[in-house]
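Asks: Using only what follows, build the 3D model:
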Amino acid sequence: MLTKEIKKPTPALIQYIRIALKNPGKPKQELVCEERARFSRKNVRINPSELEEYRRQCGFEKSKYLPFTYPFLLTFPLQSALFLSDAYPHAVMGLVHIRNIITQHKQIPVDATLDTDCTLIGPEKVHNGELFTFYTRMFLAGELVWECRSVLLKRGKKNPDMEKAATLDVVDNAQRIVDWEVPALTGVKYALLGRDINPIHLFPFTAKAFGFKQPIAHGMWAKARAMASLESHMKGRPAEVTVDFKLPIFLPGKAQLGFNVNEDSIDFGLTDPEDGKPYLAGQVKYL
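Replies: Residues are numbered from 1 along each chain as shown. Take a look at the predicted model:
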């Protein structure tokens, strides 16, 4: 397995241009599902102004600890480097983020210095293509405190003999409801903050170039916004939060968060308030 330490990350805009332009030839042989590469960074510090902007955009209250989803922003230098490496021998554009699982073992102080690594795993054949997983870990003083599995679908040759994977269902009869207004520039603002400047999130003309009628919100912005509403119920407990992304939120738009608080879990979902179309389904499980 390829391993590498990233000591000085390349600026995000340059990385994204490289990702957009990557167009390698077809692999000479069929890829085996395995841990393909692991890249790492040491002594990662939190930028206070970026953290404050993240709280504002996603709705988190000020705290001496990082928001549950915030460390995901720190993964971009490693994920982009993995995408550009020979470990991922495909074009990058067109991948679909279908599932995200974050496990927080311990709350992370805002002044923490973290070591992190990210492993690219795949491809795993599924009904409608192949899955690649980015498995990220965050360590504080050598202790694993946070981990994330981002699962991306590369559409391609179908495997009709394989059953479709089970996914979470949007919660029915939600006990609590929160209505969102999602402004037109939500995608632009989160792209600048999270460094995910995929054109489908930016403007109508850039989204239409990739087949979308309007720009769409980032899935991880939607997950973070949902977690901001749930964190007062979680009370900092160690937890695993799984989200399955269903349909895109077109910008500008509206969304409705519904959730049920249970003794050992929280079930939640995000839907279109007008027709009930599901945007995402999620579950919090306490460790």
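
Asks: Quick check: Tyr65 vs Asp111, distance?
Replies: When CB to CB, to the nearest Å is applied, the distance between Tyr65 and Asp111 equals 10 Å. For glycine as for every other residue, the C-beta is placed from the backbone atoms N, C-alpha and C.

Asks: So for those two, which residue has more residues nearby?
Replies: Tyr65 (15 against 9; other CB atoms under 10 Å).

Asks: Spatially nearest residue to Glu53 (excluding sequence neighbours)?
Replies: Using CB to CB, 6 or more residues apart in numbering and skipping residues adjacent in sequence, the residue nearest Glu53 is Leu193, 5.7 Å away.

Asks: mind listing the helices for the stretch 51-200 of the chain?
Replies: With helices called from DSSP state H, counting those that start in this stretch, the stretch 51-200 of the chain shows them at 76-84, 186-194.

Asks: which residues touch Leu74?
Replies: Contacts for Leu74 were tallied using CB atoms under 8 Å, 6 or more residues apart in numbering; they are Val44, Leu114, Thr116, Met138.

Asks: Now for those: which two are most distant?
Replies: Across the contacts of Leu74, no pair lies farther apart than Val44 and Met138, at 8.3 Å, counting by CB to CB.

Asks: quick one: contacts of stretch 92-103?
Replies: Counting by CB under 8 Å, 6+ apart, the neighbours of stretch 92-103 from elsewhere in the structure are 19-20, 22, 68-69, 72, 83, 131-132, 146-155, 167, 210, 219-220, 223, 239-245, 287.

Asks: Could I get the average pLDDT for that stretch?
Replies: Averaged across stretch 92-103, the pLDDT comes to 93.

Asks: Please spell out which residues along that stretch are buried.
Replies: For stretch 92-103, the neighbour count (16 or more other CB atoms under 10 Å) marks Val92, Leu95, His97, Ile98, Arg99, Asn100, Ile101, Ile102, Thr103 as buried.

Asks: JSON lines for those residues, including distance to Met162?
Replies: Converted to JSON lines, the buried residues of stretch 92-103 look like this (distance: CB to CB, whole Å):
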{"residue": "Val92", "distance to Met162": "24"}
{"residue": "Leu95", "distance to Met162": "19"}
{"residue": "His97", "distance to Met162": "21"}
{"residue": "Ile98", "distance to Met162": "15"}
{"residue": "Arg99", "distance to Met162": "17"}
{"residue": "Asn100", "distance to Met162": "22"}
{"residue": "Ile101", "distance to Met162": "21"}
{"residue": "Ile102", "distance to Met162": "27"}
{"residue": "Thr103", "distance to Met162": "27"}
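
Asks: of all the residues you listed, which comes closest to Glu34?
Replies: Nearest to Glu34 among the buried residues of stretch 92-103: Leu95, at 18.6 Å, using CB to CB.

Asks: Which one of Val44 and Met138 is surrounded by more residues?
Replies: Met138 (24 against 16).

Asks: could you measure the closest residue in space to that one that isn't next to it in sequence against Gln107, distance?
Replies: On the basis of CB to CB, 6+ apart, the spatially nearest residue to Met138 that is not a chain neighbour turns out to be Trp146, at 4.0 Å. Counting by CB to CB, the gap from Trp146 to Gln107 is 9 Å.
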